[in-house]
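Enquirer: Give me coordinates for this.
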Amino acid sequence: MPNIEEQLRALSQYLEGSYSELNGGPAATPMTPPERGDISDAGVIMELAATAYPRELDQEIQLQRQLQGGANLSRSQVADIASRVAMRHAPELYRERATQEGHVVDARGLAPAYLQELVRRGIGDAEIAEAAERLFPGVDRRTALAKWAEKAKKMDGSDLRMGRDSAGYYQTRESSD
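Expert: Numbers count the residues shown, from 1 in each chain. Presented below is the predicted three-dimensional model:
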């Protein structure tokens, strides 16, 4: 009497033959599920963490090595650490992406006092985008925001008064830089 493995092998061959007859060819090779700890898709996150947050990533790796008695880390462990580091900075990363896509203004380089005054007045990304599009009609949003940012970099935030004649208009004084 054949053992169970031989019976399963015979059944498998029979089913494959039947499938080929009915469909005119062999069945597609099934995809194997990824192994536990597969990091094939982690390269982008590892590169991002290593580029944007190298010091923080290195500190986390060194800490994990100490916890393991100085042993080298597996690629999977490094990928997990890189993922944690990147996710700690998720709001910054989303903001950067929105900036690159032209949805929000790049506020780097603006005077801190100017930014604080905008925040104090409740002026956010939507209001800045609307103002930029009105100030620079005929260009796309990304270009309008870039032009607005260039002008705003010259502002020091010391004189942001609301205008008398026009609601929503504010006067700015360019810095001497």
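Enquirer: Quickly find the element holding Gln77.
Expert: Gln77 is part of helix 75-88 when elements are defined by DSSP states H and E.
Enquirer: Quick check: buried residues in that helix?
Expert: Gln77, Val78, Ala79, Asp80, Ile81, Ala82, Ser83, Val85, Ala86 (16 or more other Cβ atoms under 10 Å). Just so you know, the C-beta spots here come from the backbone N, C-alpha and C atoms, and that holds for glycine as well.
Enquirer: Averaged pLDDT, it. What do you get?
Expert: For helix 75-88, mean pLDDT rounds to 92.
Enquirer: could you say what helices and strands it packs with?
Expert: helix 43-52, helix 54-67 (3 or more Cβ pairs under 8 Å, 6 or more residues apart in numbering; DSSP states H and E).
Enquirer: Recalculate using a threshold of 10 Å.
Expert: Using 3 or more Cβ pairs under 10 Å, 6 or more residues apart in numbering; DSSP states H and E as the contact test, the elements touching helix 75-88 are helix 43-52, helix 54-67, helix 90-100.
Enquirer: right, so the ones you listed: which one is the most enclosed?
Expert: helix 43-52 (a mean of 15; mean count of other Cβ atoms under 10 Å).
Enquirer: circling back: using PDB, list the CA coordinates for the helix holding Gln77.
Expert: The C-alpha trace of helix 75-88 is given here as PDB (Å, rounded to 0.1, in the frame of the first residue of the first chain):
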ATOM      1  CA  ARG A  75      19.200  43.100   7.700                       C
ATOM      2  CA  SER A  76      15.700  42.700   9.000                       C
ATOM      3  CA  GLN A  77      16.600  44.300  12.300                       C
ATOM      4  CA  VAL A  78      18.200  47.300  10.500                       C
ATOM      5  CA  ALA A  79      15.100  47.600   8.300                       C
ATOM      6  CA  ASP A  80      12.800  47.600  11.300                       C
ATOM      7  CA  ILE A  81      14.900  50.300  13.000                       C
ATOM      8  CA  ALA A  82      14.900  52.400   9.900                       C
ATOM      9  CA  SER A  83      11.200  52.100   9.600                       C
ATOM     10  CA  ARG A  84      10.700  53.200  13.200                       C
ATOM     11  CA  VAL A  85      13.000  56.200  12.700                       C
ATOM     12  CA  ALA A  86      11.200  57.200   9.500                       C
ATOM     13  CA  MET A  87       7.800  56.800  11.100                       C
ATOM     14  CA  ARG A  88       8.800  59.100  14.000                       C
END
